[in-house]
Each structure stands twice: as C-alpha cells, then as structure tokens.
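Colleague: structure of the sequence below:
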Amino acid sequence: MRNVMRRATLLMGLFVVLAAICGTASAGDGTALPLCENPAYPQSLIPMWSILGDNGIECFVGVLPLERSTTVVLTPLISVIVKLKNSDGTFIVSDPTKPLHINHTKNPSYSAFDVTAASPIFATHDYKLGSTNLGTLQYGEMTERASFWKFPGFKLDKWFVELALWPFSPAVTLEIPAGSWALMAGEPDGYVVDATLMGNFLLEQAKKTPDVLPIFLTYNIGTYTGTLQSASCCTLGDHEPYVENGVTSFYIWASYMDPPSARVDVLGLSHEVAEFLHDPFLTNFVRSYPAPGTFKLPWDPPYMYKSCSSLLEVGDATEDRPASEIQIPIDTSIMTYHVQNIATASWFMQASPSFSVDGRYTLRGAIDGEFAGPAPPCNTGQ
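Modeller: Numbering: from 1, shown residues only. Okay, here's the model as predicted:
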C-alpha cells in the first residue's frame, strides 16, 4: 500500500509530477492533448491533461494517461468551526474537531475531522467494478480511472492522482450573524447558513495557501441562496477555481453529515473530489442534457423536463436518485463509509459504446433504466 503521508512530507509542499508525458494521441471521440490550455484561466500548478471534444477542450486533473505516472497533490484538510450567533448574543457551535454526535466507529472520541482523514478520500481501497479490478486506489483517482478505463491509447493500470493529506492544518472559525442561518430540515444538529458568507470566507482562507489544494470541512452545515424565508435545503459542498498571482488555484468545501442525510458522512466530499478531478475549471461543457431533478423518476421515457445542464459535473448527474442508488458503501476498520456513485465521462461525452469501466455510464451501471446509454439530448424532450 502506498504511503501518502510519507510521500507528502518528502515533497516539501510542492505539486510534483513523478512522470512527465509528452506528445499527443488520437483516440476515441476526441483527441487527447498533453496539456490543458484553458482560455478562461491561467495555467495551474496542478498538472492537467485534456481532450478536444465537440464542445471545446475538456480538462482533467493529472498527466496524460499514456504510461506509468503519478501526480501528487498536497491537500490540507482544514476544519471550519462555524459559530451561529443567536439574537441574544449566545452561540451555537458546529465543530468538526469535537466528538461526533452520531458515532458509528469503535472510538467515542472520533471527530468528523478524524474519520474524514481516515476515509477513502485519502486512504486506499481495493476497487472492483463488474469484472474489472481497478486497483488499490483512493476514491478520487478511482473515479477518473473508471471514467477513461477503455479510452483508446490510454494506460490507466499504473496511473495515479493522489491527494496527499497535509500532516497538520489548524482549524479556522467562521461566525454567522443572527438572521443568516436556520435549522436544517430533517437533520439532527444540522444548520443552513448564507452561501455568500460561506463562499467569501472560504475564498479568503484558500488564498492564504494558493500552492496547495485545501479541503475545508464543516460538520452538519449546508448553505442556502436567496432569502432565508425561501431557503430550501441545501448545498453541502463546492469546488471552485480562482486566480491568484497569475496562477489558477482551487479549493474544495464539503460537510461531514450525520444520518439520516442522504449524503451521509463523506459522500458529499466524494462528490466534490470526483467533480474537481473531472472538471477542475468548471468549464468542461458538453451537449446539454436534462438536468437532474427536472423529470419524473424512475426513468420512463418519453419524459418531460424543466431545464438543461451542460457541464461535465459527474456527481450532479446522479444526485436526484434515492440514497440507496447513489451511495457506495465501503467497509473499513474505522467504519462503513459512503461515497457517491457518479456518472462516468462516457455518459457526458456521448461515447457509444462506453469507454468507461465495464462499459458503464455510472460506476454502478444503469439505474432503473437510466444511464443505460449516453446522456439524452435536452432539446427534444424524448
């Protein structure tokens, strides 16, 4: 098993590519390119490869998967202590470093930070999807391998993108004023806070370390947009690019959630990590498809939809499904974690047959007839 923590220490805080790839390869439905040249953003310190697709350049994290290579991204896990101010001046505090409210581990002192640091986001696990052994991997690199497993010319069996957990990252504190937060419906000890306050705070914190990829961790916290009175629950994570000193940097935010949340424990973080690896700049546009949550489930065409999506956001495509269909349980010595069943790149990029693992369009295959083929068009309603 690879020792990510030891490797992170040796790299002395820099993004490192252990094997550089040069040249181009013509493959599949697009052309694989050695580097991602994104006109909307300056170059990133994190290596990116790309495919020239029907709707422009699609950028992905890592080096071009043509031969053995490892990309290591240093990833501080930063607890965000959220202090919710009451009208009388007192506070309710949500702290990811304190013992879990609902603890499914054998250690009563474990916190959201502890179990996240030990989760499949950073620890490796043996993944087998269908008849294919993908290898001993972190969850994120597994999703990228799975998406492009059969892409012509690619060699992914010895290709890695590791999130190297920073040994120690001090917690930060966000104070939310009265009137800008509320109880989260249906979630014990859960709260929603103003998305603008959260977003501004996270960006300010991220800019302090633009040469790494910070993951900000909250506990049972979501965000709402608009007015508090009309707020519905809620956003539980985000991944964002930003430009600092002429270089594009990134951060991820996610909440560790207690049950009965459908995005329990690290599922929300797995969602954001997979999306960051598949669409780091939020500019991977594909043919528009019916937005999740805008048509009746289970899948039974012809369907009526209300809106379209056009970004290669692998977690969003399945998020309207019931918990039993989007959760992938992973048993460890710590606890049973839950990561997300994502849609693969083949679904978004109109690959037929699928170039993803086991010929699939999600990690778990078709769901109630949906994801049995590429993403349906959003301009015909059929």
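Colleague: what about stretch 207-214, average pLDDT?
Modeller: Across stretch 207-214, the average pLDDT comes to 95.
Colleague: how long is that stretch from one end to the other?
Modeller: 10 Å (Cα to Cα, to the nearest Å).
Colleague: for it, buried residues please.
Modeller: 209-210, 212-214 (16 or more other Cβ atoms under 10 Å). (C-beta placed from N, C-alpha, C; glycine too.)
Colleague: Ala206 and His239 touch, don't they?
Modeller: No - using Cβ atoms under 8 Å, Ala206 is not in contact with His239; the gap is 11.0 Å.
Colleague: intersection of neighbour lists for those two?
Modeller: Counting by Cβ atoms under 8 Å, 6 or more residues apart in numbering, the residues touching both Ala206 and His239 are 250-251.
Colleague: relative to Val193, how far out is Leu183?
Modeller: 11 Å (Cβ to Cβ, to the nearest Å).
Colleague: of the two, who's got more company?
Modeller: The neighbour comparison of Leu183 against Val193 (other Cβ atoms under 10 Å) goes to Val193, with 26 against 14.
Colleague: contacts only, for that one.
Modeller: Contacts for Val193 (Cβ under 8 Å, 6+ apart) come out as 82, 84, 176, 180-181, 221-224.
Colleague: what of Leu174?
Modeller: Applying Cβ under 8 Å, 6+ apart, we find Leu174 in contact with 80-83, 197-198, 201.
Colleague: that one: what secondary structure?
Modeller: Under DSSP: H, G, I helix; E, B strand; the rest coil, the three-state class of Leu174 is strand.
Colleague: test my guess that Ser69 contacts Phe160.
Modeller: Yes - using Cβ under 8 Å, Ser69 is in contact with Phe160, at 7.2 Å.
Colleague: those two: which has the busier surroundings?
Modeller: Shown here are Ser69 and Phe160; by other Cβ under 10 Å, Phe160 has more neighbours (23 against 20).
Colleague: okay, the helix or strand containing that one in PDB with CA atoms only?
Modeller: Per DSSP states H and E, Phe160 falls inside strand 159-165. Written as PDB, here are the backbone C-alpha positions of strand 159-165 (Å, rounded to 0.1, in the frame of the first residue of the first chain):
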ATOM      1  CA  TRP A 159      -1.700   5.900 -13.500                       C
ATOM      2  CA  PHE A 160      -2.300   7.700 -10.200                       C
ATOM      3  CA  VAL A 161      -3.600  11.000  -8.900                       C
ATOM      4  CA  GLU A 162      -3.100  11.100  -5.200                       C
ATOM      5  CA  LEU A 163      -4.500  13.600  -2.700                       C
ATOM      6  CA  ALA A 164      -1.600  13.700  -0.100                       C
ATOM      7  CA  LEU A 165      -3.100  14.700   3.300                       C
END
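Colleague: helices or strands up against that strand?
Modeller: Secondary-structure packing of strand 159-165 (3 or more Cβ pairs under 8 Å, 6 or more residues apart in numbering; DSSP states H and E): helix 4-10, strand 69-75, helix 139-147.
Colleague: does anything pack onto the second one? Which helices or strands?
Modeller: Which is strand 69-75. So strand 69-75, by 3+ Cβ pairs under 8 Å, 6+ apart, packs with helix 4-10, strand 16-17, strand 159-165.
Colleague: now do the last one against helix 139-147, angle only.
Modeller: By that I understand strand 159-165. Put simply, strand 159-165 runs at 160 degrees to helix 139-147, going by axes from the mean of the first three to the mean of the last three Cα atoms, to 10 degrees.
Colleague: before we move on, the earlier item: can you put the buried residues of stretch 207-214 in CSV and add distance to Cys36 and secondary structure?
Modeller: CSV is the format used below for the buried residues of stretch 207-214 (distance: Cβ to Cβ, whole Å; DSSP: H, G, I helix; E, B strand; the rest coil):
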residue, distance to Cys36, secondary structure
Thr209, 22, coil
Pro210, 18, coil
Val212, 19, coil
Leu213, 16, coil
Pro214, 21, coil
